[in-house]
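1. Below is the structure, and that's it, no one-letter string:
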């Protein structure tokens, strides 16, 4: 198992690296500082340009503007509106997101769309294909190159609002007790003395390619033996830990989130269940799962218990739904989980 310095931190898990353009390096860029003015106002200021953002529950994320999404039940939806104004000087305005984090189970499930509301029109910016919704993960990938928000130049008298509508699909029953953050950055550049033909994005660095994170080392973590062929939605200690997981300083527990039972010989037996891994009592700090093995029922080839391996790709801290025994009717006898201890950023965008 790798040491703590190589693991995703809680901040990385929730929002990834979010420092793109946090300091302005070019004259006229308004992205040098984000300050929380009050509970619903943020000011981004640099030199002669300032961007004022009014929103109901946004926060300063150390550069980006963002808000937290959590406590959602399947079928829930919500809206966050960001009223944006330019102060002092007319400016061109850009919007940019960062790559999605390494592990963000709710970000894979939450669906959203982004609208730009101007004085005379409303434009859907994301997704671009229709009036529907797409995942937060796809949203983060979509705008790493940045987009212009103004149609020519935004003056202090102009009105512009970004409207983020989000929903949790009704079938995302596995996502209880999760939260994530939706963040983005705003950049402005004065229009004065810069012809439109000479305008370039004001970002300090090239946008990231957002490669697909891949698990290089999927290690067996531990096994839970099922007593009396029945699991309950509760937290279980591992009966056995393996390798470095047995000797490191962390406590690992497996929480059963939901179960499906069948009645066999007059009593309930669990045939399917969903899980999440807790490390030191928290899912947010947990090493992500890369495979779960469900054992139950006889294997005619080995004369031992039948085992069904379920790879989790990409690795995540919880299963996306219930996993069942090989034939779907035998009772679960053991649950063995594997965790990803080493990552690579190689892969296609």
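-> Arrived safely, thanks for sending. Please read these numbers as outputs of a predicted model, since none were measured by experiment.

2. which stretches of this structure form helices?
-> For the chain, the helices defined by DSSP state H cover 10-15, 105-109, 136-142, 244-247.

3. Please report phi then psi for residue 130.
-> Per-residue torsions, residue 130: phi -160, psi -170 (degrees, to the nearest 10).

4. Just the local confidence number for it, please.
-> With respect to pLDDT, residue 130 scores 74.

5. Give me the neighbour count for it.
-> Number of residues near residue 130 (other C-beta atoms under 10 Å) recorded here: 9. In this view, the C-beta of every residue, glycine as well, is placed from N, C-alpha and C.

6. give the contact list for it.
-> For residue 130, the contact set (C-beta atoms under 8 Å, 6 or more residues apart in numbering) is empty.

7. Can you find the helix or strand in this structure with the smallest mean pLDDT?
-> Using mean pLDDT, DSSP states H and E, helix 10-15 stands out as the lowest-scoring helix or strand of the chain, at a mean of 32.

8. Compare the helices of the chain and say which comes out lowest on pLDDT.
-> Note on the helices of the chain: lowest mean pLDDT is at helix 10-15, with a mean of 32.

9. show me the contacts for residue 179.
-> So residue 179 contacts 14, 68, 69, 70, 71, 106 (C-beta under 8 Å, 6+ apart).

10. Greatest separation within the residues you listed: which pair is it?
-> Longest distance between any two of the contacts of residue 179 is 14.9 Å, between 14 and 71; criterion C-beta to C-beta.

11. Who has more neighbours out of those two?
-> Between residue 14 and residue 71, residue 14 has the larger neighbour count (other C-beta under 10 Å), namely 22 against 10.

12. Strands along the stretch 51-200 of the chain, start to end?
-> In the stretch 51-200 of the chain, the segments counted as strands under DSSP state E, counting those that start in this stretch are 59-60, 65-70, 77-87, 91-96, 111-118, 122-126, 134-135, 147-148, 160-167, 179-190.

13. And these: which comes nearest residue 306?
-> strand 134-135 (34.3 Å).

14. residues touching residue 250, list them.
-> Taking C-beta under 8 Å, 6+ apart as the test, what residue 250 contacts is 279, 280.

15. and the gap between residue 202 and residue 96?
-> Distance, residue 202 to residue 96, by C-beta to C-beta, to the nearest Å: 10 Å.

16. Same question for residue 155.
-> Residue 155 is 22 Å from residue 96, by C-beta to C-beta.

17. where in this structure is pLDDT low?
-> Across the chain, the ranges flagged by pLDDT under 70 are 1-40, 45-48, 60-63, 205, 207-208, 211, 265, 345-349.

18. rerun that using 80 as the cut-off
-> 1-49, 59-63, 88, 102, 129-131, 203-213, 264-267, 300, 302-303, 343-349 (pLDDT under 80).

19. what residues does stretch 219-233 touch?
-> 1, 236-245, 252, 254, 256-259, 261, 264, 267-270, 273, 277, 287, 331-341.
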